[in-house]
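In: here is a sequence together with a model predicted from it:
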Amino acid sequence: MKNKDSLHDELNDQAPFLNTLKKGQDGFRVPANYFDNLEAEVFRQLDAIGATTKPSPATARPSFWQLMQQLWQPRIAVAFAGICTLALAAWWYFTPAPADAPVDLAATQISVDDAEAYLMNNLMELEPEHIAMVLPEESLPAITLDLPTTKQEKTAPATELELNPDDLEKLLQDMTDEELKDLML
């Protein structure tokens, strides 16, 4: 860094007027204890000219509209919307789902023709025991599958199944072409 003498010489060369100001009084002197007595002096002068201060009003309760204006500030509105969203999501998540009430089949109105059509189209989905419980004995198919219950019946030679011609016709109609080919082999 340059030494002080060279800076002083450079300042004389560039701006001699500034150099002379520095040597003299700069004019910015504050009287002693000026800031200690400033407030009291200002209020004394105000009282001298008759200026009075209004008493500060008691903190009034804000009106409804002032509260609403405060609530509609963007940050508060976003926070309120977030809280409402979280509360709604928690309510939806923790509310138990209603149990599916069993349908009373006796109360439903299904015609006999509809029930018969459904059963005839979905015979493969039904168990033979369930069909046997519902149908009267005279309506049961001619094929019976009696499982042997005694030891003698288990060792006895198997008898051929008796097929009603109508039942045989239904079986053949329900079979696919591939199943028919397998029967032929």
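Out: Perfect, thanks for sending it. Residues are numbered from 1 along each chain as shown.

In: tell me how far Ala90 lies from Ile83.
Out: Distance, Ala90 to Ile83, using CB to CB, to the nearest Å: 11 Å. For the C-beta atoms, the positions are set from N, CA and C on the backbone; glycine is no exception.

In: just Gln45 next, same as before
Out: Taking CB to CB, one finds Gln45 at 54 Å from Ile83.

In: likewise Thr108?
Out: 46 Å.

In: okay, those two: which has more neighbours?
Out: Ile83 (10 against 7; other CB atoms under 10 Å).

In: quickly find the element holding that one.
Out: helix 74-94 (DSSP states H and E).

In: so what touches the following helix or strand past that helix?
Out: Using DSSP H and E, the helix or strand that directly follows helix 74-94 along the chain is helix 112-121. Helix 112-121 is contacted by residues Leu126 when judged by CB atoms under 8 Å, 6 or more residues apart in numbering.

In: show the average pLDDT along helix 112-121.
Out: Helix 112-121 carries an average pLDDT of 81.

In: please save the CA atoms from that helix in CSV.
Out: The C-alpha coordinates for helix 112-121 follow below in CSV (Å, rounded to 0.1, in the frame of the first residue of the first chain):
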residue,chain,number,x,y,z
VAL,A,112,-89.5,-69.5,-12.2
ASP,A,113,-88.6,-69.3,-15.9
ASP,A,114,-85.6,-67.1,-15.3
ALA,A,115,-84.4,-69.4,-12.5
GLU,A,116,-84.8,-72.5,-14.7
ALA,A,117,-83.0,-70.8,-17.7
TYR,A,118,-80.1,-69.9,-15.4
LEU,A,119,-79.8,-73.3,-14.0
MET,A,120,-80.0,-75.0,-17.4
ASN,A,121,-77.3,-72.7,-18.8
